[in-house]
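Undergrad: Everything below, folded, please.
(2 chains)
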Amino acid sequence: MSAIKVQLPDGSTRSLEEGSNARDLAGAIGSRLAKDALAAQVNGELTDLTRPLENGDVVAIVTPASDLGRDVLRHSTAHVLAQAVVRLWPGAYYAIGPSIRDGFYYDFELPHGARFSDDDLGRIEDEMRSIVAEDQPFLRSEYSIDEGLQLFKDQPFKVEIISGVGSGANPEDATEVGGSVVSTYSNTPEFQDLCRGPHVPSTKRLGHFRLMRVAGAYWRGDEKRPQLQRIYGTAWESKEALSAHLTQLDEAEKRDHRRLGQELDLFSFPSELGPGLAVFHPRGGTVRRVMEEYSRTRHVAGGYEFVNTPHITKAELFETSGHLDWYAESMYPPMDLDDGQQYYLKPMNCPFHVLIFKARQRSYRELPLRMFEFGTVYRYEKSGAVHGLTRVRGMTQDDAHIFCTREQMAQELADLLDFVLGLLRDFGLNDFYLELSTRPDVKSVGSDDEWNEAETTLADVARGAGLDLLIDVGGGAFYGPKISVEARDAIGRTHQLSTIQLDFQTPQRFEASYIAADNARHRPIMIHRALFGSVERFMAILIEHYAGNLPTWMSPEQVKVLGVRDDHDSCAHDVAAALRLDGVRVSVDEANEPLGARIRRAKMEKVPYILVVGDEDVVSHTVGVNARGANDPERGVSVEDFRARLRAEIATHGSPELARAT
RNA sequence: GCCUGGGUAGCUCAGUCGGUAGAGCAGCGCAUUCGUAAUGCGCAGGUCAGGAGUUCGAAUCUCCUCCCAGGCUCCA
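TA: Predicted coordinates:
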């Protein structure tokens, strides 16, 4: 009997009989591993356990509690979902069912125009559990393209995928099939699915899943093609992991900015105004004001000048800029005025800033010229796209446009990236990576040379920042590529925040120029940049990042002072007055309710500091300090000490709580 | 825009078979004077999202519109 040798991830080698597979290997290593094994990674390629190994292969056994393992079991759970749906709705078409972050989905079209409703999820889940209990093996078979077409002749979506692979029309289908071989998995003769694999050995290895929701999804993500119904599920390697995930979803829901916005009385969306139009209440208005004031201060220091522009304009402006060519659909419809002119609400600030640049002749000595505006724009977002403060129809951008020479742009961009990251850090975000979005396939203007230069310049700047850099192919604006700063929040979610776009086109379209040292006209280049993105969205992200516990410097109310009895109220007012001298936002909650009730209310309002004054404090000029997030209140803190502490915390934008939590 | 689900007091929600509207919190009034997350009693609060229809009778059934949620598409 000849033997083969395979290499393990730790570098050691094992001898196996010829024809052995990864399951045999796992068994040879240990019974525990054999029991856990879900799939294998052979020379970097994910495969079933049953595929025969070859001499010299590098083999890793994939187990459930790993990213690859979860991926495999989620994918297999998606197959079980499809099988369950076909059992319950004979004749259902099933399209694709990949694993995704935290789970999986599968897209279906039911016969006779039937549709899933939320109530169906329970029955489907029950059916899936019986399939799991039946301990069905996942068996792989391989066919030619023609055989595959015959096999799935009753499944139009599968036929399209197989034909697509044959013709090479959809390269991404190669992830469903594999090259020119059509592979399938069947658990029982009743259900067979087109799939590249790999899968777990048997359905009994699954089971810690839950179907989450049903949603519409266009076939191949194309809104012109039929809309299928997608069922989303989550699946994990253990009951504990599943329940931890569900708990985390609950936690995320508790910090949802829409919920906190209501609970903390920050903002609302009056239905009288229409979708995606928010009003900021006094408390939310305070947060906004603090954010804007801080941003202004930083921009002054950063060499920006401040401009203002109107909210509506004649159509001509957006014809020149090109926005009407690409974005007319998502602009509010024009107003037709008596003079025959059409006026639009502005969806962008940049063309206005170009006009300011053009208002007089410019010299190279003025460059870089940095114009900043909190510019309110209106975009007619599709009704299904609006979402809380993060996707609205009226928003204020912290928008600036920098006009500079080609020689200046690399340095200017590098300085800008530095400026951006510094500002974001001041708001308490500090885990970043960058994304470079390149020229879109169709929606774009300009020459290849210009785009190449712009992309190369941005890429160099991005790499110079020393952060991870991802490439988002085709994700740029129509006039130029962009760098976006992505930030991870306190619960690990990532948000696209600042964008920096390099634009050679707009100055040309508007024929902007400056006089250079050679006494000739030259074309400036333009950098578009927004740091918050929009004030509304950035506020939403911060609210969720801090779970509503905004750091003291941003809190709508920073201190609440409570007297123990009503004869302490005047002392409470004195303390508040002293703090107010320091610019602290402070109020007094007078003692006509029990202290505990007032403490509770202040806690629910997430006030950073609750000060209590009683008999001892009146005598010794002290307060009791109940800090948000601290375990125990302090007693007998001198008013002067507290003032100094608070001043320092506010000045440094400190967040003792977040520091405590991490 | 499309698919699914939803809209009852300021907020969170209950409301059975179609029989005429309910709780807790918040608000207001009175009493209570208290040392770190809920003092007691009382009062007031509703076009059941809006409109049309079926019915002796509609929060409840049907249709249309508006708004919200989760997705898909889109996101300068």
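Undergrad: number of nearby residues for the residue of the stretch 401-550 of chain A found nearest RNA strand B?
TA: Of all residues in the stretch 401-550 of chain A, residue A:477 sits closest to RNA strand B, at 3.7 Å by Cβ to the nearest atom of the strand. For glycine as for every other residue, the C-beta is placed from the backbone atoms N, C-alpha and C. Residues contacting residue A:477 under the criterion other Cβ atoms under 10 Å number 19.
Undergrad: May I have the beta-bridge partners of it?
TA: Residues in a beta bridge with residue A:477, per DSSP bridges, are residue A:480.
Undergrad: Next, the contact list for it, please.
TA: Applying Cβ atoms under 8 Å, 6 or more residues apart in numbering, we find residue A:477 in contact with A:437, A:440, A:501, A:503, A:528.
Undergrad: And it, how far from residue A:536?
TA: Going from residue A:477 to residue A:536 by Cβ to Cβ, to the nearest Å gives 21 Å.
Undergrad: and what of residue A:343?
TA: Residue A:343 is 24 Å from residue A:536, by Cβ to Cβ.
Undergrad: who has more neighbours, these two?
TA: Each of residue A:343 and residue A:536 has its neighbours counted (other Cβ under 10 Å); residue A:536 has more, 25 against 15.
Undergrad: pLDDT score assigned to the more buried one?
TA: With respect to pLDDT, residue A:536 has a value of 96.
Undergrad: Likewise for residue A:26?
TA: 88.
Undergrad: count of residues packed around the closest residue to residue A:129 other than its chain neighbours?
TA: In space, residue A:129 comes closest to residue A:207 once its chain neighbours are excluded; the distance is 7.3 Å by Cβ to Cβ, 6 or more residues apart in numbering. Residue A:207 has 19 neighbours, counted by other Cβ under 10 Å.
Undergrad: just residue A:297 next, same as before
TA: Neighbours of residue A:297 under the rule other Cβ under 10 Å: 10.
Undergrad: Just the buried positions in stretch A:119-133, please.
TA: Across stretch A:119-133, burial judged by 16 or more other Cβ atoms under 10 Å covers A:120-121, A:124-125, A:127-129, A:131-132.
Undergrad: and the stretch 501-650 of chain A, which residues reach RNA strand B?
TA: A:501, A:528, A:564-567, A:591-597, A:599-600, A:603-604, A:610, A:612-617, A:623-626, A:633, A:635 (Cβ under 7 Å from any atom of the strand).
Undergrad: what's the spacing between the residue nearest to residue A:129 and RNA strand B?
TA: 23 Å (Cβ to the nearest atom of the strand, to the nearest Å).
Undergrad: Please look at that residue and residue A:131 and confirm they touch.
TA: No. Using Cβ atoms under 8 Å, residue A:207 is not in contact with residue A:131, being 10.2 Å away.
Undergrad: Without its sequence neighbours, what residue ends up closest to the closest residue to RNA strand B within the stretch 1-150 of chain A?
TA: Among all residues of the stretch 1-150 of chain A, residue A:117 sits closest to RNA strand B, at 3.3 Å; criterion: Cβ to the nearest atom of the strand. For residue A:117, ignoring the flanking residues on the chain, the nearest one in space by Cβ to Cβ, 6+ apart is residue A:214 at 7.2 Å.
Undergrad: Contacts for the helix or strand containing that neighbour next, please.
TA: Taking DSSP states H and E as the definition, residue A:214 sits inside strand A:208-218. Residues lying outside strand A:208-218 but in contact with it, judged by Cβ under 8 Å, 6+ apart, are A:77, A:81, A:103, A:105, A:107, A:116-118, A:120-121, A:124-125, A:128, A:224-239, A:241-242, A:246.
Undergrad: Just the ones of these in strands?
TA: Residues of the contacts of strand A:208-218 located in strands (DSSP state E): A:103, A:105, A:107, A:227-236.
Undergrad: just so I have it, where are all the helices in the stretch 201-350 of chain A?
TA: A:239-254, A:257-263, A:282-301, A:315-321, A:323-327, A:350-358 (DSSP state H, counting those that start in this stretch).
Undergrad: oh sorry, the question was meant for the stretch 351-500 of chain A
TA: So, for the stretch 351-500 of chain A - with DSSP H, counting those that start in this stretch - the helices run A:406-426, A:448-464.
Undergrad: pretty sure residue A:379 contacts residue A:323?
TA: No. Using Cβ under 8 Å, residue A:379 is not in contact with residue A:323; the gap is 10.7 Å.
Undergrad: Neighbour count for these two, which is higher?
TA: Each of residue A:379 and residue A:323 has its neighbours counted (other Cβ under 10 Å); residue A:323 has more, 22 against 19.
Undergrad: Contact partners for the most centrally placed residue in chain A?
TA: With distances taken as Cα atoms, centre = their mean, the residue of chain A nearest its centroid is residue A:495 (3.8 Å). Residues near residue A:495 by Cβ under 8 Å, 6+ apart: A:486-487, A:489, A:541.
Undergrad: Need those residues in JSON lines (columns: pLDDT).
TA: Listed next are the contacts of residue A:495 as JSON lines, based on pLDDT from 0 to 100:
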{"residue": "A:486", "pLDDT": "95"}
{"residue": "A:487", "pLDDT": "95"}
{"residue": "A:489", "pLDDT": "93"}
{"residue": "A:541", "pLDDT": "96"}
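Undergrad: Would you confirm that residue A:114 contacts residue A:89?
TA: Yes. The pair residue A:114 / residue A:89 is scored as a contact, 6.5 Å apart, by Cβ under 8 Å.
Undergrad: Among these two, which residue is more densely surrounded?
TA: residue A:89 (18 against 14).
Undergrad: picking that back up, list residues touching both of residue A:379 and residue A:323?
TA: In contact with both residue A:379 and residue A:323: A:331, A:347, using Cβ under 8 Å, 6+ apart.
Undergrad: hang on, isn't residue A:389 packed against residue A:257?
TA: Yes. Using Cβ under 8 Å, residue A:389 makes contact with residue A:257 at a distance of 6.1 Å.
Undergrad: where do the contact lists of the two overlap?
TA: Joint contacts of residue A:389 and residue A:257 (Cβ under 8 Å, 6+ apart) are A:539-540.
Undergrad: Now do the contacts for the residue nearest to residue A:542 when sequence neighbours are not counted.
TA: Once flanking residues are discounted, residue A:542 sits nearest to residue A:427: 6.3 Å by Cβ to Cβ, 6+ apart. By Cβ under 8 Å, 6+ apart, the residues touching residue A:427 are A:291, A:538, A:542, A:554, A:653.
Undergrad: May I ask which two of the ones in strands among the contacts of strand A:208-218 are separated the most?
TA: A:227 and A:236 (29.5 Å; Cβ to Cβ).
Undergrad: Of those two, which one has the most company?
TA: residue A:236 (24 against 13).
Undergrad: quick one: low-confidence ranges for the stretch 201-350 of chain A?
TA: Nowhere does the stretch 201-350 of chain A drop to pLDDT under 70.
Undergrad: my read: residue A:349 touches residue A:375, true?
TA: Yes. The pair residue A:349 / residue A:375 is scored as a contact, 3.7 Å apart, by Cβ under 8 Å.
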